[in-house]
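# give me a 3D structure for the following:
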Amino acid sequence: MPSSHPHGAATPAHHYAFPLFAVLIWSGNTVVSKMAAGAIGPAEIGFYRWLLAALLLTPLALRPALRNGPAIRAQAGRIVVLGLLGMVVYQSLAYYAAYLTSATHMGIIGSLTPMMVLALSIPLLGQPLTAGAVAGSVLSIAGVVLVVTGGHPGSLLAGGVGAGDGLMLLAMFAYAVYAVLLKRWGMQGVPPLQLMYLQVLVATVALLPLYLLSARTGLTRTNLPMVLYAGVFASVFAPWCWMRAVTHLGPGRSSMCFNLIPLLTALIAAALLGEHLAIYHLFGGLLTVGGVMLGELWKTPLPAQPARA
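Predicted coordinates:
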């Protein structure tokens, strides 16, 4: 195993707790999104979530961000785009999807994201097309189709994809575009904590009009724990764990933990929501995760096609 430490020392086992805690929290947040449906409006929990995260991050990030003004102003347009894609569009669509589909479906569809990132990286980042990307895409898409059709793929031709599953697919596509743009732009001169804080501010401001124009339930004893979980654990603590994971393990080994999200989400949803786990969930999840792993591990490039006159 490659070492991220000097003198060839092995990576301490406890460093793997960082990505595991992050994916566990994010899996739980998918279930919280489902629990929030009916308990608090999608626009409300989205706004409260990022407002709470902004308040928590301000003591840590405001002064460094002000001192880093020139670098931030140079990247301001990109920061706005990233905040809108990664925190407004992605999470808002996920909250609306939770009204119409199960947390288990959301977790399995979410596991398709690395494959979407891989597909977008070919035209946008110039990554070569690999055999694993092709084979993995076929497997992952087959797995998601199996899940969203309830184990009857033929029904896709007759009825299409359900509204909730369709919204979740759009949400994950938005996040995939966010991830690719973040890698393409690099955001040089803006440290990760400042970048996260600025995106949270963008999300808070962008969601304020939707919050004001939407019907509001208000904070109650029932939904307040959901807002706290989303705003503290999913928005602040999990990203901090992820940044630590990337620092100690590198992005490659950290990202492999994402493959646990559909399993963890399904188990948490079964325990807390009583969602029924059918055999098609198992096979669909295995196909999707297997396809993602195939795309990540099978790096044999396909031969380039000669240009046509």
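# what sits closest to the residue nearest the centre of the chain if chain neighbours are left out?
By Cα atoms, centre = their mean, the chain has its centre lying nearest to residue 175, at 6.0 Å. Spatial nearest neighbour of residue 175, excluding adjacent residues (Cβ to Cβ, 6 or more residues apart in numbering): residue 90 at 4.4 Å. C-beta coordinates here come from the backbone N, C-alpha and C atoms, glycine included.
# beyond whichever strand or helix holds the residue nearest to the centre of the chain, next helix or strand please.
Assigned by DSSP states H and E, residue 175 belongs to helix 163-185. Using DSSP H and E, the helix or strand that follows helix 163-185 towards the C-terminus is helix 192-213.
# follow-up on the earlier one: what about the residue nearest to residue 175, neighbour count?
Neighbourhood size, residue 90 [other Cβ atoms under 10 Å]: 21.
# which residues does it contact?
Residues near residue 90 by Cβ atoms under 8 Å, 6 or more residues apart in numbering: 171, 172, 174, 175, 178.
# out of these, who's the most crowded?
For the contacts of residue 90, the largest neighbour count, defined by other Cβ under 10 Å, is 25 neighbours, found at residue 172.
# that one against residue 106, yeah?
No - with contact defined as Cβ atoms under 8 Å, residue 172 does not reach residue 106; the gap is 9.3 Å.
# on that earlier part again, let me see the mean pLDDT of the helix holding residue 175.
Helix 163-185 shows a mean pLDDT of 92.
# and the angle for it with helix 192-213?
140 degrees (axes from the mean of the first three to the mean of the last three Cα atoms, to 10 degrees).
# please name every helix or strand in contact with helix 163-185.
helix 76-83, helix 90-97, helix 103-110, helix 113-125, helix 131-148 (3 or more Cβ pairs under 8 Å, 6 or more residues apart in numbering; DSSP states H and E).
# now tabulate the ones you listed in JSON lines and tack on distance to residue 65.
JSON lines is the format used below for the helices and strands packed on helix 163-185 (distance: least, Cβ to Cβ, whole Å):
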{"stretch": "helix 76-83", "distance to residue 65": "11"}
{"stretch": "helix 90-97", "distance to residue 65": "22"}
{"stretch": "helix 103-110", "distance to residue 65": "30"}
{"stretch": "helix 113-125", "distance to residue 65": "27"}
{"stretch": "helix 131-148", "distance to residue 65": "37"}
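# out of the ones you listed, flag the one nearest residue 235.
Among these, helix 90-97 comes nearest to residue 235, with 9.1 Å by Cβ to Cβ.
# now do that closest one against helix 113-125, angle only.
Here helix 90-97 runs at an angle of 140 degrees relative to helix 113-125 (the same axes, to 10 degrees).
# wait, residue 64 sits on residue 194?
Yes - here residue 64 reaches residue 194: they are 5.9 Å apart, a contact under Cβ under 8 Å.
# have a look at the two and say which one is more surrounded.
Taking neighbours as other Cβ under 10 Å, residue 64 and residue 194 compare with residue 194 leading, 23 against 12.
# pull the contacting residues for that one.
61, 64, 65, 68, 72.
# buried stuff in the host helix or strand of the third one?
Using DSSP H and E, the secondary-structure element containing residue 65 is helix 42-67. For helix 42-67, the neighbour count (16 or more other Cβ atoms under 10 Å) marks 42-54, 56-57, 61, 65 as buried.
# now do stretch 204-213
For stretch 204-213, a neighbour-count test (16+ other Cβ under 10 Å) marks 204, 205, 206, 207, 210, 211 as buried.
# same question for stretch 96-109.
96, 97, 98, 101, 102, 103, 104, 105, 106, 107, 108, 109.
# the last one reaches residue 170, doesn't it?
No - with contacts counted by Cβ under 8 Å, residue 109 stays clear of residue 170, the gap being 10.2 Å.
# hang on, residue 298 packs against residue 132?
Yes - counting by Cβ under 8 Å, residue 298 does reach residue 132; the two are 2.8 Å apart.
# tell me which of these two has more neighbours.
A count of neighbours by other Cβ under 10 Å puts residue 132 above the other of residue 298 and residue 132, at 21 against 14.
# any idea how far that one is from residue 216?
47 Å (Cβ to Cβ, to the nearest Å).
# hmm, back to that, just want the angle from the helix holding residue 65 to helix 192-213.
140 degrees.
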